[in-house]
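Trainee: need coordinates for the below:
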Amino acid sequence: MQSDVRDREREGFKSIASLCAPRSVAIVGASERANWPKRIWDSLHAAGYQGAIYPVNPKLKEIWGVPCYPDLASIPKAVDHAAVIVPAAQVQNVLEQGIIHGLKSATVYAGNIGEGHNPEHNARAVALRSLVRRSGISLNGPNCMGGNHFHHRFFGYPNTGLVNVPAGGVALVSQSGGTLQFIVQSAAARGVKFSCAYSSGNELDIDLADFINHFVDDPQTTTLVLFIEGIRRPAVFMQAAARALKAGKPIIAIKTGKSVQSQLAALSHTGAVAGDYAGFKAMCERYGIIACASLDDLVETTLAFQCERLPKGARVGWVTTSGGTVDLLYDHIEEIGTITSPQLSEATKAKIRHLIPADMEIKNPLDAGIPSNDSNAAEMCRAVADDENVDILAWAAVLPHGKRTPDINILKTITQSTHKPVLAFSRMNYMVRPDALNFQDEMGIPYLQGLPATIRALGALGFYGVRVGRTIAPLPPATGALADIEPAQLHQTLAHYHLSPPRSKMVRSIDDVGTAADDIGYPVAVKIVSPQFSHKTEVGGVKINIRSADEARHAAHNMSHAITHLDPQAIIEGFLVQEMVSGIELIIGARTDPLYGPLLIVGAGGIFVELLKDVAVRLLPLTEVDAHAMLDELKIRPLFEGFRGSPPVDRDYLVKTICGLSAFYLNYRHLIDDIEINPLIVGPQGQTPRAVDVRIIKKDH
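Mentor: Below you'll find the model as predicted:
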């Protein structure tokens, strides 16, 4: 399987043009008893598909009132696309025959081709993959449910209810066939309009990267939505995502599989807390992909992007009519993060003072009371949107539901007065009537539902707005020499990258431990050095606050005894004697994720790493802006600014240290699997962070 992935990585992108807009389609497996072929037939006719449709079944001469062909070879003209709805054992022969007669693409609906460990199923996959590569045919699936292109009126997904979904700019690709219809139906009921919706199944040939690459160049697509179970070709996927980011086509995704057993086998804290899903999130951050936590968030966020305006940041101006809403917003914003609610300028307050009851304070979020009319509501919204501190306007309003229809001409002045995103929101979910969707379209404002989902959607707009158009630079080559990371040279090398260790000495014997402690000055820490025990604290391999030579020698003797008791074959290379330093304990580490490449973590360190899991993860290389953003994500951030009387840390030098680890790891990643500094002690202003415990796992060469 790994060789197949590497081969496909080299192959790059594959065209899906004939899958999206086929000029003719054959339904192989046409039958009165089978539901899917009949639903596809009905959908194509109901949608007004303009191409030729050929039913295929060797047992029938006629079906659905038209001739039925025994096989693809019997069709008088070459067919662009085949919907192959036959048992898995028959798929190979069907496609081989079709390819001989000019078939360009196919969707294979059957399962039992490649998934699982059944030898027969895997043999089918090997044969089918070989056929695809020899012939160049584009194949979607197997084990998928096809897809629809709403502009081209091509409907290959077996759900006739999707035919009436209005065409628009959202391209959905789902590795789950069954989930696709629920996303489309739920989102369409809220006013999301789709250019197409495809399920991709097992992705034996065409995969997510191919779909993204195609839709980046598709003028009818403005936004991409992905339901991801796994990324087959990460390098090519990221190449496609980079194209989408540069082109300004947002990717909104949800990925399953946060709980991954591979994390249990991690060799370090870094590997444990930066597992597969953390690597995915880091990849999303780098490539501007919005990662949603739920399907409901996916719908709200997609609807938010349908406003087709991007902010310069995530500063939200809120206009509400309820003190309760304001209180809830405060709670949710603090819990969720991702956005800020800056104070309105004095000029803005002056503009709206006459619209707000005199006894009510003007603040953000704004409780404006109940505006007397649409004109007052629009005037307040225009003023807040115009505020220099605001990037996005969020206005508490619901779509018409029968009681009263607002004056749309007055309310449209809100969007007409600004280029910033304007979105309406409600406190809770509610049913949307079809006529209300027309109102939403004419307003040009997405009406979001639910406060947490609204906050996350607005945060997604801000996240993407500051990243759109970026070009992703390639990784620099790794040129570091092996001698630089040998024990005798490692500390000096690290110091060159702003990774300064405490004053320390490495000694071989227990007797020399006391002398080294005297030379460094008390208090000191003594640590045993043994390749069998990288996590020293857990096995009694560390003793701190030592204040005499005798105490140092005694500690070394005890830990040596403890180690050999745990493993009589353990190799004791010596003892590291270090000055004691105090401050905030962090962990910083770098490793190469097998899917997404080199990444770095920063988080709460010491013994609480895996317990708290308060970490930020980024793909490398890092800029100082990236490092500052990582620190801002941490729950322990208040410690950096001074907490309960403690002095603030030297944050700028801490950022240099984090970026130094990025540069170090990238330069030596061909020699190192993993580097971890835990703890990194961060002191107050004027003190450089100290890399107290550095652990490196070298590659096997």
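
Trainee: which residues in the stretch 1-150 of the chain form helices?
Mentor: Counting by DSSP state H, counting those that start in this stretch, the stretch 1-150 of the chain has helices at residues 2-11, 17-20, 35-47, 88-100, 119-135.

Trainee: same check, this time on the stretch 351-500 of the chain
Mentor: Counting by DSSP H, counting those that start in this stretch, the stretch 351-500 of the chain has helices at residues 374-385, 408-416, 434-443, 451-465, 487-496.

Trainee: which other helices and strands contact the shortest one?
Mentor: Going back to what we said before, that points to helix 408-416. helix 374-385, helix 434-443 (3 or more C-beta pairs under 8 Å, 6 or more residues apart in numbering; DSSP states H and E). The C-beta positions use only the backbone N, C-alpha and C, and glycine is treated the same way.

Trainee: in the last one, what's buried?
Mentor: If I follow you right, that is helix 434-443. Applying a neighbour-count criterion of 16 or more other C-beta atoms under 10 Å, one finds Ala436, Leu437, Phe439, Gln440, Met443 buried in helix 434-443.

Trainee: same deal with stretch 89-104?
Mentor: Those would be Val91, Gln92, Val94, Leu95, Glu96, Gly98, Ile99, Leu103, Lys104, for stretch 89-104 by 16+ other C-beta under 10 Å.

Trainee: in contact with the first one, which residues?
Mentor: Right, Val91. Contact analysis of Val91 by C-beta atoms under 8 Å, 6 or more residues apart in numbering lists Val84, Val108, Ala110, Ile113, Arg124, Leu128, Pro142.

Trainee: ok, it to Trp36 distance?
Mentor: 15 Å (C-beta to C-beta, to the nearest Å).

Trainee: ditto for the third one
Mentor: For Val94, the distance to Trp36 (C-beta to C-beta) stands at 15 Å.

Trainee: and the fifth one, by the same measure?
Mentor: Taking C-beta to C-beta as the criterion, Glu96 is separated from Trp36 by 22 Å.

Trainee: okay, now the unreliable bits of the stretch 451-600 of the chain?
Mentor: 534-535, 538 (pLDDT under 70).

Trainee: that older thread, Arg23: which of the helices and strands packed on helix 408-416 is closest?
Mentor: helix 434-443 (31.5 Å; C-beta to C-beta).

Trainee: can you name every helix or strand that that closest one contacts?
Mentor: Using 3+ C-beta pairs under 8 Å, 6+ apart: helix 434-443 touches helix 408-416.

Trainee: could I have the CA atoms of the helix it packs on written out in PDB?
Mentor: Taking C-alpha atoms only, helix 408-416 is exported to PDB below (Å, rounded to 0.1, in the frame of the first residue of the first chain):
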ATOM      1  CA  ILE A 408     -35.600  45.100   2.600                       C
ATOM      2  CA  ASN A 409     -34.600  48.300   0.800                       C
ATOM      3  CA  ILE A 410     -33.800  50.000   4.100                       C
ATOM      4  CA  LEU A 411     -31.900  47.000   5.500                       C
ATOM      5  CA  LYS A 412     -29.900  46.600   2.300                       C
ATOM      6  CA  THR A 413     -28.300  49.900   3.000                       C
ATOM      7  CA  ILE A 414     -26.200  48.100   5.600                       C
ATOM      8  CA  THR A 415     -24.300  46.100   3.100                       C
ATOM      9  CA  GLN A 416     -24.300  48.900   0.600                       C
END
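
Trainee: hey, where'd the strands end up in the stretch 251-400 of the chain?
Mentor: Applying DSSP state E, counting those that start in this stretch to the stretch 251-400 of the chain gives strands spanning 251-255, 289-291, 316-320, 366-367, 392-396.

Trainee: quick one, the third one and helix 408-416 angle?
Mentor: Strand 316-320 runs at 160 degrees relative to helix 408-416, counting by axes from the mean of the first three to the mean of the last three C-alpha atoms, to 10 degrees.

Trainee: returning to what we had before: nearest to Ala385, of the strands of the stretch 251-400 of the chain?
Mentor: Of all the strands of the stretch 251-400 of the chain, it is strand 392-396 that lies closest to Ala385, at 4.1 Å by C-beta to C-beta.

Trainee: what angle do the closest one and helix 408-416 make?
Mentor: If you take the same axes, to 10 degrees, strand 392-396 sits at 150 degrees to helix 408-416.

Trainee: is it true that Ser560 touches Ile510?
Mentor: Yes. In terms of C-beta atoms under 8 Å, Ser560 counts as a neighbour of Ile510; the distance is 6.7 Å.

Trainee: any low-confidence regions in the chain?
Mentor: Short version for the chain, where the test is pLDDT under 70: 1-10, 259-275, 534-535, 538, 608, 645, 701.

Trainee: kindly report the domain assignment for it.
Mentor: The record assigns the chain these domain ranges, following automatic domain parsing: 2-302, 309-465, 503-579, 584-698.

Trainee: looking at the ones you listed, which is nearest to Ala495?
Mentor: Using C-beta to C-beta, the nearest of the domains of the chain to Ala495 is domain 584-698, at 8.9 Å.
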